[in-house]
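Novice: Need the 3D shape of this:
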Amino acid sequence: MTPAPSGPATTVAGPTTSGAAAVRRPRRVRALWLLVVLAVLLVLVVTSVMVGSRGVGWTDALAALGGSTDGFDQAAVAKRIPRTLLAVVAGAALGVSGALMQGVTRNPLADPGILGVNMGASLAVVTGIAYFGLTAASSYIWLAIAGAAVTALFVYTIGSLGRGGATPLKLALAGAATSAALASFVSAVVLGRNDIAGGVRSWQIGGVGGGSYESIRQVAPFLVVGLVLALVSARSLNSLALGDELAAGLGERVAIARGTAALSAVILCGAATAVTGPIGFVGLVVPHACRLLVGVDHRWLLPFSALTGAALLTGADVLGRIATRPSEVDVGIVTALVGAPFFIYIVRRQKVRAL
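Specialist: Sure thing, here's the model as predicted:
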C-alpha cells in the first residue's frame, strides 16, 4: 500500500476526506439527491416569484410569465423574475467558486469572502466608478475579475510564506487581514464622493434586488466560461486531492490543473460580485454541505455546488423579503447570518487536525 504523503499537504487535505464526506456515495444515491436538490430549487424559484412584500396569486403569476403587466401584482411578478434568475446564477457561481477554491488550496476554510477575493473585486469596481467614470456593467465585470485575480494571488502568496506553506489558518488570517484592508480602501475611495456614496454602500452589502435581464445577459458569458473551466478541472482536482507529488506521478500537470481551476474560481467570483456586490459565505457553506450528500468527487461536487448555491441564495433572498415586511433585508446580510456560525463550526471541528 502506498503511504500517505507527509507534511502540510496531508494536514490540509484531511478535512475534505474525513468522516461522512469520505464515504463513496453510490450512483443511485447521488441521483436521488440530485432530484431532491432540483426539486428544492424549483420550489424556491416559484416561491421567489410569488412572495415578496405582498403575495401574488397563481393567476397573476402565470399572466406575468406570459408577458402581461396589467395591474400591480403582475408588474411585481415581472420585476421578481429577473431578480430570481440573478439569484440563481449568482448563487451557482459562488457555490462553484467556493468548491474550486477549497479544492485548489486544499483548505476547508477557503471561500471568496473569507479569502478577501470578493473585497478585491469590490475595490476594483469602486475605483473604476470613482476615478474613471465607468458606468457600463460590462466594464464592472472585467474590473471585478481583475481585482479578484490580483487579490487571490496576493492572499495565496502571503499565506504560503514561512514554514508549512499555505496552511488553512495562514490563508484564513491572510484573507481576513486583506479583506479588512481592502474594505478600508473602499471606504477611503467613497468618502469624498457623495455623488456615488449611496449607491456604492448599497451595492457593498450584496443583493439581487437590482437584477435585470440586461445585467444577466452581460454576465452570462463570463459565468458560462467559468463553469466550463470548472467542469474541465473536476478530474484534475480529484488528482490534486491526493497530493501534488502523487498527482504528478499519475501524469497530472499540477501547475496547469491548479491554474485552470483557480482561473475558473476567479472568473465566477468576479463576475457574480460585479452584478450583486460582495456576498459572503455561500462559497463556504455550500461545498461542505454537498460533500455530505455526494462525497468528495469533484465531477459530482461541482454540479451539486452550483445547484445548492442557487437554492441557498434564492432562499436567502426570499427570507430577506419576508423577514421585515414591508421592507427588505439584503441577501448579503442573510447569508452572513447563516454562514458566520457555520464558519465557527468548521474552525472548531478542524482545529486539531488542520489548524
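Novice: Every contact and neighbour count from this point should use C-alpha atoms.
Specialist: Noted.
Novice: Buried residues of stretch 30-42, list them for me.
Specialist: Residues of stretch 30-42 classed as buried by neighbour count (16 or more other Cα atoms under 10 Å): Arg30, Trp33, Leu34, Val37, Leu38, Val40, Leu41.
Novice: Could you tell me which of those residues belong to helices?
Specialist: Arg30, Trp33, Leu34, Val37, Leu38, Val40, Leu41 (DSSP state H).
Novice: Listing request: residues of the stretch 251-355 of the chain with sub-threshold pLDDT.
Specialist: By pLDDT under 70, the weakly predicted segments of the stretch 251-355 of the chain are 347, 350-355.
Novice: same question, the stretch 51-200 of the chain
Specialist: Short version for the stretch 51-200 of the chain, where the test is pLDDT under 70: 67-69.
Novice: ok, which stretches of it are strands?
Specialist: Counting by DSSP state E, counting those that start in this stretch, one finds no strands in the stretch 51-200 of the chain.
Novice: Output the longest helix belonging to the protein.
Specialist: helix 72-105.
Novice: buried stuff in that one?
Specialist: Judged by neighbour count using 16+ other Cα under 10 Å, the buried positions of helix 72-105 are 73-105.
Novice: Next: stretch 173-181.
Specialist: For stretch 173-181, by 16+ other Cα under 10 Å, it's Leu173, Ala174, Gly175, Ala176, Ala177, Thr178, Ser179.
Novice: just stretch 322-337 next, same as before
Specialist: Ile322, Glu328, Val329, Asp330, Val331, Gly332, Ile333, Val334, Thr335, Ala336.
Novice: Take those and write them to a markdown table, including distance to Gly249 and secondary structure.
Specialist: As requested, the buried residues of stretch 322-337 are exported to a markdown table (distance: Cα to Cα, whole Å; DSSP: H, G, I helix; E, B strand; the rest coil):
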| residue | distance to Gly249 | secondary structure |
| --- | --- | --- |
| Ile322 | 54 | helix |
| Glu328 | 53 | coil |
| Val329 | 51 | coil |
| Asp330 | 48 | coil |
| Val331 | 45 | helix |
| Gly332 | 43 | helix |
| Ile333 | 45 | helix |
| Val334 | 44 | helix |
| Thr335 | 41 | helix |
| Ala336 | 41 | helix |
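Novice: tell me which element Val49 falls in.
Specialist: For Val49, the host element (DSSP states H and E) is helix 27-50.
Novice: ok now that helix, how far from the chain's centre?
Specialist: 19 Å (Cα atoms, centre = their mean, to the nearest Å).
Novice: Which elements pack onto that helix?
Specialist: Packing partners of helix 27-50 (3 or more Cα pairs under 8 Å, 6 or more residues apart in numbering; DSSP states H and E): helix 58-65, helix 72-105, helix 282-294, helix 298-323.
Novice: can you put these in a markdown table and add distance to Leu242?
Specialist: Shown next, in a markdown table, are these (distance: least, Cα to Cα, whole Å):
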| stretch | distance to Leu242 |
| --- | --- |
| helix 58-65 | 48 |
| helix 72-105 | 11 |
| helix 282-294 | 16 |
| helix 298-323 | 13 |
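Novice: Among these, which comes closest to Thr157?
Specialist: Closest to Thr157 of the helices and strands packed on helix 27-50, according to Cα to Cα: helix 72-105, at 11.6 Å.
Novice: the inter-axis angle of the closest one versus helix 27-50?
Specialist: 140 degrees (axes from the mean of the first three to the mean of the last three Cα atoms, to 10 degrees).
Novice: For the nearest residue to Arg30 once chain neighbours are set aside, the count of nearby residues, please.
Specialist: Spatially, and ignoring its direct neighbours in sequence, Arg30 is nearest to Val294 (5.6 Å; Cα to Cα, 6 or more residues apart in numbering). Using other Cα atoms under 10 Å, Val294 has 26 neighbouring residues.
Novice: swap in His298?
Specialist: 25.
Novice: and it, what does it touch?
Specialist: Ala234, Arg235, Leu237, Asn238 (Cα atoms under 8 Å, 6 or more residues apart in numbering).
Novice: pLDDT at the last one, what is it?
Specialist: This points to Asn238. Asn238 is assigned a pLDDT of 92 by the prediction.
Novice: Pull up the gap between it and Pro303, please.
Specialist: Counting by Cα to Cα, to the nearest Å, the gap from Asn238 to Pro303 is 14 Å.
Novice: which one of these two has more residues nearby?
Specialist: Between Asn238 and Pro303, counting by other Cα under 10 Å, Pro303 is the more crowded of the two (20 against 16).
Novice: show me the contacts for the closest residue to that one other than its chain neighbours.
Specialist: Leaving aside its sequence neighbours, Pro303 sits nearest to Val96 (Cα to Cα, 6+ apart; 7.6 Å). Contact partners of Val96, counting by Cα under 8 Å, 6+ apart, are Leu227, Ala230, Ala265, Leu268, Gly283, Pro287, Leu302, Pro303, Ser305, Ala306, Gly309.
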